[in-house]
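> My questions concern the predicted model and sequence given below.
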Amino acid sequence: MSAAGAGLRAQAARTLVAVLVAGQSLKSVLAKALPGIADPRDRALLEAICFSVLRHRRRYEFVVATWLAKPLPPRDSGVQMLLLSGLAQLDDMRLPAHAAVAATAEAARLLDRAPLVGLVNALLRRATREPLPTGDSEAVRCSHPDWLLQRLRDDWPADVDAIVAANNRSAPVWLRVNKVKSTRDDYAARLAGAGFGARLPALPAGAIVLDAPCSPSTLPGWIDGDVTVQDGAAQLAVEALALCASDRVLDACAAPGGKAAQIAEVVREHGSLLAIDSDGGRLARVRQTLARLGLETPRVSLRTADATAPETWWDGVGFDAVLVDAPCSATGIIRRQPDIKWHRRAEDIPALVAVQARLLDALWTTLAPGGRLLYATCSVLKEENEGQVVAFLARTPTAEPVVLDGRFGRSAGVGRQRLPGEDGMDGFFYALLRKHGHGKLDP
């Protein structure tokens with residue numbers, strides 16, 4: 001039995017305790033853990049175990065609760081995570097039992113719970129012999145919180161099964177080619193030459209989808225800024241604005257920076273971009289992205305600012321285009337961040353809706369007559385999306401919707417909605433609004 005194998009399972013358990021017990025984000029915990037693991041195969045396995053447990057948590061918790069005579073006490077939360085990760089390896093990941101059971105059981109010793117090594121071994125051995133119990137609850141079987149499954153049923157009754165299935169699958173890696181440095185066809189040829197399988201989707205225009213996940217730093221030209229990782233649905237948000245090279249543009253919630261970079265490619269020579277975010281640390285990452293892509297120019301400005309208080313940062317000159325990629329429930333990107341299912345609560349939604357409304361009201365004042373504002377979220381909840389826009393239009397007489405075509409998903413009120421997994425993309429909502437008056441964006 002490999003000591004390294006047990007150590008990796010112990011690290012997975014610690015990571016899951018940090019996420020599911022301490023409430024930290026998986027992304028932040030892995031960002032600290034992965035650099036300390038030398039072998040890229042071990043890094044990939046740690047990520048795979050954590051993602052699998054978070055996708056199927058409720059199913060595996062039901063198995064553990066059914067098979068254990070009594071629940072483990074809170075002090076044994078690490079052992080509970082070992083049990084879930086062992087089930088994930090056997091059931092979802094289909095690892096050979098000899099590679100998963102012993103190493104996972106021995107990991108209890110590394111968590112200072114040596115008396116429970118036998119319990120972990122016995123339960124996982126049972127999982128190799130018997131079908132896993134499933135119970136009668138649909139929410140348990142599809143491993144979603146009760147409130148979220150009900151909300152999905154209410155909003156998307158004909159699509160709920162497809163949504164939860166997509167949420168429990170891994171997402172493909174989407175790339176966006178930096179058109180300042182390369183064309184999509186040229187970069188695709190470089191990928192093929194370096195041994196990366198990929199396809200060129202019909203849309204978005206600059207997108208490439210990899211056949212298999214990889215570390216972005218291994219991609220050709222990554223350090224030189226030839227390409228960036230960005231889901232197709234996120235790329236479409238900027239395409240919906242139909243920017244001109246001379247536009248004055250505001251990206252009001254700019255972090256992590258993919259859309260800001262996409263805008264900067266268009267306006268870097270003749271227009272301008274102001275990218276703001278309320279979190280200075282997140283804005284620093286936007287700056288790093290722009291620097292890597294070679295898009296830092298005098299026409300691109302970054303500023304830490306509260307988008308709901310334009311009087312503290314706006315110079316009074318109207319923008320031709322405003323992107324509001326609003327804070328939201330992120331229920332459209334669960335397949336990329338499965339911990340969202342367990343961190344989000346039903347009571348979070350009204351507060352998010354209120355923030356979105358404040359953003360729309362405040363940022364509308366910065367838009368020039370004739371200008372366009374794109375309201376976007378990575379949510380699939382109608383309250384945050386079409387309901388939010390209908391309410392804004394009702395209280396804003398200067399706003400009118402602009403029809404977006406089928407590239408942006410199915411009709412959703414005055415906007416468009418993509419559901420998770422459609423055309424391989426994330427769940428995303430788009431609504432394009434135009435300000436009454438005269439300006440260069442007038443038809």
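Received, thanks. The structure presented is a predicted model; accordingly, all values stated were derived computationally and were not measured.

> Helix, strand, or coil at Ala69?
coil (DSSP: H, G, I helix; E, B strand; the rest coil).

> Give me the longest strand you can find in the protein.
Longest among the strand segments of the chain by residue count, using DSSP state E, is strand 367-377.

> Would you map the helices across the stretch 201-350 of the chain?
232-240, 258-267, 280-292, 340-343, 348-364 (DSSP state H, counting those that start in this stretch).

> tell me how far the first one is from the chain's mean position?
I take that to be helix 232-240. Distance of helix 232-240 from the chain centroid (Cα atoms, centre = their mean, to the nearest Å) equals 14 Å.

> How about the fourth one?
A distance of 12 Å separates the C-alpha centroid of helix 340-343 from that of its chain, computed with Cα atoms, centre = their mean.

> now the last one
In terms of Cα atoms, centre = their mean, the gap separating the centre of helix 348-364 from the centre of its chain is 20 Å.

> do the same with the second one
In this view, helix 258-267 has its centroid 19 Å away from the chain centroid, taken as Cα atoms, centre = their mean.

> what's the angle from that helix to helix 280-292?
40 degrees (axes from the mean of the first three to the mean of the last three Cα atoms, to 10 degrees).

> OK, contacts around Ala100?
Gly86, Gln89, Leu90, Leu124 (Cβ atoms under 8 Å, 6 or more residues apart in numbering). C-beta here means a position set from N, CA and C on the backbone, and glycine is covered the same way.

> Asp251 against Ile276, yeah?
Yes: Asp251 is within contact range of Ile276, at 7.2 Å (criterion: Cβ atoms under 8 Å).

> So the two - more neighbours on which side?
Asp251 (29 against 23; other Cβ atoms under 10 Å).

> Quick check: chain neighbours aside, which residue is closest to that one?
Leaving aside its chain neighbours, Asp251 sits nearest to Ala275 (4.4 Å; criterion: Cβ to Cβ, 6 or more residues apart in numbering).

> That neighbour: neighbour count?
Neighbour count for Ala275, taken as other Cβ under 10 Å: 27.

> the domain parsing of this protein - what is it?
Domain segmentation of the chain under automatic domain parsing yields 3-141, 174-229, 232-435.

> Now the first one: average pLDDT?
Confidence over domain 3-141 (mean pLDDT, whole number) is 96.

> How far off centre is it?
On Cα atoms, centre = their mean, the centre of domain 3-141 falls 23 Å from that of its chain.

> hmm, back to that, touching, the residue nearest to Asp251 and Arg287? I think so.
No: counting by Cβ under 8 Å, Ala275 does not reach Arg287; the two are 9.0 Å apart.

> Common neighbours of the two, please.
With contacts taken as Cβ under 8 Å, 6+ apart, Ala275 and Arg287 have Gly257, Leu302 as neighbours in common.

> What segments of the stretch 51-200 of the chain are strands?
174-177, 198-199 (DSSP state E, counting those that start in this stretch).

> Same list (these) but as a markdown table, adding mean pLDDT.
Listed next are these as a markdown table, based on pLDDT from 0 to 100:
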| stretch | mean pLDDT |
| --- | --- |
| strand 174-177 | 98 |
| strand 198-199 | 97 |
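
> Out of these, flag the one nearest Ala166.
Across the strands of the stretch 51-200 of the chain, Ala166 has its closest neighbour in strand 174-177 (14.9 Å, Cβ to Cβ).

> So which elements touch the closest one?
helix 184-193, strand 207-210, strand 227-229, helix 232-240 (3 or more Cβ pairs under 8 Å, 6 or more residues apart in numbering; DSSP states H and E).

> The same query, at a cut-off of 7 Å, please.
The helices and strands touching strand 174-177, judged by 3 or more Cβ pairs under 7 Å, 6 or more residues apart in numbering; DSSP states H and E, are strand 207-210, strand 227-229.

> okay, those strands in TSV with mean pLDDT next?
Below are the helices and strands packed on strand 174-177 laid out as TSV (pLDDT from 0 to 100):
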stretch	mean pLDDT
strand 207-210	98
strand 227-229	97
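
> Asn385: which of the ones you listed is closest?
Comparison of the helices and strands packed on strand 174-177 against Asn385 by Cβ to Cβ identifies strand 207-210 as nearest, at 23.0 Å.

> Pull the residues that contact that closest one.
Under the criterion Cβ atoms under 7 Å, 6 or more residues apart in numbering, residues 172-177, 184, 187-188, 196, 198-201, 232, 235, 424 lie in contact with strand 207-210.

> How about stretch 45-54?
For stretch 45-54, the external contacting residues (Cβ under 7 Å, 6+ apart) are 8, 11-12, 15-16, 26, 30, 33, 37, 60, 84-85, 88-89, 92-93, 170, 338-339, 342.

> Buried among these? Make that a PyMOL selection.
Those of those that count as buried under 16 or more other Cβ atoms under 10 Å are selected in PyMOL with:
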select buried, resi 8+11+12+15+16+26+30+33+37+60+84+85+88+89+92+338+339+342
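
> So which of the contacts of stretch 45-54 sit within helices?
8, 11-12, 15-16, 26, 30, 33, 60, 84-85, 88-89, 342 (DSSP state H).

> how long is stretch 240-256 from one end to the other?
Taking Cα to Cα, to the nearest Å, stretch 240-256 runs 19 Å from one end to the other.

> Identify the residues contacting the residue nearest to Asp251.
Asp251, Ala254, Ala260, Val286, Leu302.

> Tell me the pLDDT of the closest residue to the second one other than its chain neighbours.
Taking Cβ to Cβ, 6+ apart, and ignoring the residues beside it in sequence, Ala254 has Ala275 as its nearest neighbour in space, at 3.7 Å. For Ala275, the model assigns a pLDDT of 97.

> Could you report the separation of Ala275 from Gln262?
Distance from Ala275 to Gln262, counting by Cβ to Cβ, to the nearest Å: 11 Å.

> Fine by me, thanks again.
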